[in-house]
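Return a 3D structure for these sequence lines:
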Amino acid sequence: LTDGVAETLAQTTTLFHAIDQAQPWLESAGKQDINYRSIGATHVGLSLAKNPDGVMSANLLNAGDLLAAYFEEQLLKGSVRFTPVFETTEHNVGKELLRDGLISETELRTHPSRNTVSRAVRLLSGKPLFNSPQNYRLKPKSRGYFVLASDGFWNVLTREEVAAELALGGTPKQILVRLR
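Numbering: from 1, shown residues only. Predicted structure coming up:
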């Protein structure tokens, strides 16, 4: 295997291992309470690694209505700015209808399936099922931020508002406090 392939394989294996760790809890919840028999879990995972040449790579695994975005630092006229350059796909029926051009952004706001998750780690009739995660591989620059959050976060804040807070700097905790 080349370094790039081995690195991606290791990162993906790590992310799948994290999902495997959650599965016993899902199974236990389904056995203890009939209301949890079809419980699901959405996830977004990030794994970062440097190859032997010092080049950073990022591997993202996503299923559900969680979203990861990568904001890259740019210097414009002496000021620091962060621009969203990549984001994962939200897996819910409403967003899929919007992407396919079957409904408008306005119709999405009230569509009955707008929050129906289309990909997830879940129990189906008491059996675990991992439903088609998407795997993304990026080569991030040295100055950038990954923001992993639920649709509750992304439905309230625009990418521009998040980018503006990142540009103010600070620790990740300080940035998150400002974003509340």
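
would you list every one of the strands in this protein?
For the chain, the strands defined by DSSP state E occupy 40-41, 43-50, 56-63, 67-76, 79-87, 121-124, 127-130, 134-138, 144-149.

Can you check which of the ones you listed gets nearest to residue 107?
strand 67-76 (20.4 Å; CB to CB). Backbone N, C-alpha and C define where each C-beta goes, glycine included.

Send me the closest one as PDB with only the CA atoms.
This file holds the C-alpha atoms of strand 67-76, laid out as PDB (Å, rounded to 0.1, in the frame of the first residue of the first chain):
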ATOM      1  CA  LEU A  67     -22.700  18.200   9.100                       C
ATOM      2  CA  ALA A  68     -19.000  19.000   9.100                       C
ATOM      3  CA  ALA A  69     -17.600  22.100   7.400                       C
ATOM      4  CA  TYR A  70     -14.000  23.100   6.800                       C
ATOM      5  CA  PHE A  71     -13.100  26.800   7.000                       C
ATOM      6  CA  GLU A  72      -9.800  27.800   5.400                       C
ATOM      7  CA  GLU A  73      -7.700  30.800   6.500                       C
ATOM      8  CA  GLN A  74      -7.200  33.500   3.800                       C
ATOM      9  CA  LEU A  75      -5.300  36.700   4.100                       C
ATOM     10  CA  LEU A  76      -7.000  39.600   2.300                       C
END
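
tell me the angle it makes with strand 79-87.
150 degrees (axes from the mean of the first three to the mean of the last three CA atoms, to 10 degrees).

Can you tell me the strand partners of strand 67-76 and which way each runs?
Strand 67-76 has its sheet partners listed here by DSSP bridges as strand 79-87 (antiparallel), strand 144-149 (antiparallel).

any idea which of those is most buried?
Ranked by mean neighbour count, these are led by strand 144-149 with a mean of 18 (mean count of other CB atoms under 10 Å).

What lies in contact with that one?
Defining contact as CB atoms under 8 Å, 6 or more residues apart in numbering, one finds that strand 144-149 is touched by 44, 46, 58, 60, 66-73, 82, 140, 162, 166, 172, 175.

Give me the average confidence score over it.
Strand 144-149 shows an average pLDDT of 89 in the prediction.

Which of the contacts of strand 144-149 are buried? Put it as a ChimeraX command.
Of the contacts of strand 144-149, the buried ones go into a single ChimeraX selection, burial set by 16 or more other CB atoms under 10 Å:
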select :44,46,58,60,66,67,68,69,70,71,72,82,140,162,166,175
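
thinking again about what came up before, Throw the strands paired with strand 67-76 into TSV and include distance to residue 157, thanks.
Shown next, in TSV, are the strands paired with strand 67-76 (distance: least, CB to CB, whole Å):
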stretch	distance to residue 157
strand 79-87	12
strand 144-149	9
